[in-house]
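Asks: Predicted model and sequence follow; I will ask about them next.
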Number of protein chains: 2
Amino acid sequence: MATHKDVKVVGRFAYDGLDRVIHEKARLGIVSSLATHPSGLVFNDLKELCALTDGNLSRHLHLLSESGLVQIWKGYKDNRPQTLVQLTDEGRRRFLEYVAVLENVVTDALEASKQPKAAKVAPGWTPA
Amino acid sequence: MATHKDVKVVGRFAYDGLDRVIHEKARLGIVSSLATHPSGLVFNDLKELCALTDGNLSRHLHLLSESGLVQIWKGYKDNRPQTLVQLTDEGRRRFLEYVAVLENVVTDALEASKQPKAAKVAPGWTPA
């Protein structure tokens, strides 16, 4: 299928920069919401913004914290014990790097959207 | 942490439209490369573009085929048995929907990048 216009570059679509810790859908939402709230979010607000259960949010925060992306704080708010979550500087840096790769994916897709729909395959190919 | 400028909308960062079948990193590369090659790609070219092993590519193609996103064809090219993979019309539609959500993620991140770095938390919070 290759033509002179269509050189295959090894790994062209490997998207190596898509950090798996951030790429997982729930964690992407968590990191994204924290990035837009630099002073941090309390557990319940984060849970609502990301539409996650307590258990799921806890599990993902544990992993993000172990990876150095978030800092978790304990304290009181309105006289009740609360958990505050904040993106670390490293987390912010890695998120912005991740998003730069996402922008490449979007650019590739815009290019793809200009392509025609699936062409008929040549005679001789049979469905697997 | 909420202020009047900062209303919490439930699920605002849930990114529901991020189809998990497409979102997985390796499959995102596969679908993306197929979207830019509407006449299809043979197995070995796809493998190189996505920097995947035979086993990994086979496994992901099986799942994508079962989900109706790709059509797999068997045939001959240069007198050798070959596997041709093509994005289906449904796969193309779902990929473009997925990318529209990615664009939202990028927009959120650009907004986030205008925010200051992590602010110091108020006194009274202690690291968990």
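Replies: Happy to help now that I have it. Numbering: from 1, shown residues only, chains lettered A, B, ... in the order given.
Asks: list the buried ones in the helix or strand containing residue A:101?
Replies: Element membership for residue A:101 (DSSP states H and E) is helix A:89-113. Judged by neighbour count using 16 or more other CB atoms under 10 Å in any protein chain shown, the buried positions of helix A:89-113 are A:91-92, A:94-95, A:98-99, A:101-102, A:105-106, A:108-109, A:112. In this view, the C-beta of every residue, glycine as well, is placed from N, C-alpha and C.
Asks: what do you get for stretch A:64-71?
Replies: A:64, A:65, A:67, A:69, A:70, A:71.
Asks: Export those residues to CSV and append columns for secondary structure.
Replies: Formatted as CSV, these follow (DSSP: H, G, I helix; E, B strand; the rest coil):
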residue, secondary structure
A:64, helix
A:65, helix
A:67, coil
A:69, coil
A:70, strand
A:71, strand
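Asks: Could you work out the most separated pair of those?
Replies: Distances among the buried residues of stretch A:64-71 were taken as CB to CB; the most separated pair is A:67 and A:71, at 11.7 Å.
Asks: all strands for chain A, in order.
Replies: Secondary structure of chain A (DSSP state E): strands at A:41-42, A:70-77, A:80-87, A:126-127.
Asks: Include mean pLDDT and distance to residue B:28 when you put those into JSON lines, please.
Replies: Converted to JSON lines, these look like this (pLDDT from 0 to 100; distance: least, CB to CB, whole Å):
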{"stretch": "strand A:41-42", "mean pLDDT": "95", "distance to residue B:28": "28"}
{"stretch": "strand A:70-77", "mean pLDDT": "92", "distance to residue B:28": "24"}
{"stretch": "strand A:80-87", "mean pLDDT": "94", "distance to residue B:28": "24"}
{"stretch": "strand A:126-127", "mean pLDDT": "91", "distance to residue B:28": "24"}
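Asks: Comparing these, which comes out most buried?
Replies: Of all the strands of chain A, strand A:41-42 carries the top mean neighbour count, a mean of 21, counting by mean count of other CB atoms under 10 Å in any protein chain shown.
Asks: got a list of contacts for that one?
Replies: For strand A:41-42, contacts defined as CB atoms under 8 Å, 6 or more residues apart in numbering or on different chains pick out A:33, A:34, A:49, A:77, A:82, A:83, A:84, A:85, A:86, B:1.
Asks: One more pass at 10 Å, please.
Replies: Strand A:41-42 is contacted from outside by A:30, A:33-34, A:47-50, A:73, A:75, A:77, A:80, A:82-87, B:1-2, B:6, B:8, using CB atoms under 10 Å, 6 or more residues apart in numbering or on different chains.
Asks: Stretch A:94-106 too?
Replies: A:13, A:15-23, A:28, A:31-32, A:34-35, A:67-69, A:87-88, B:28-29, B:32, B:98-100, B:102-103, B:105-106, B:108-110, B:112-113.
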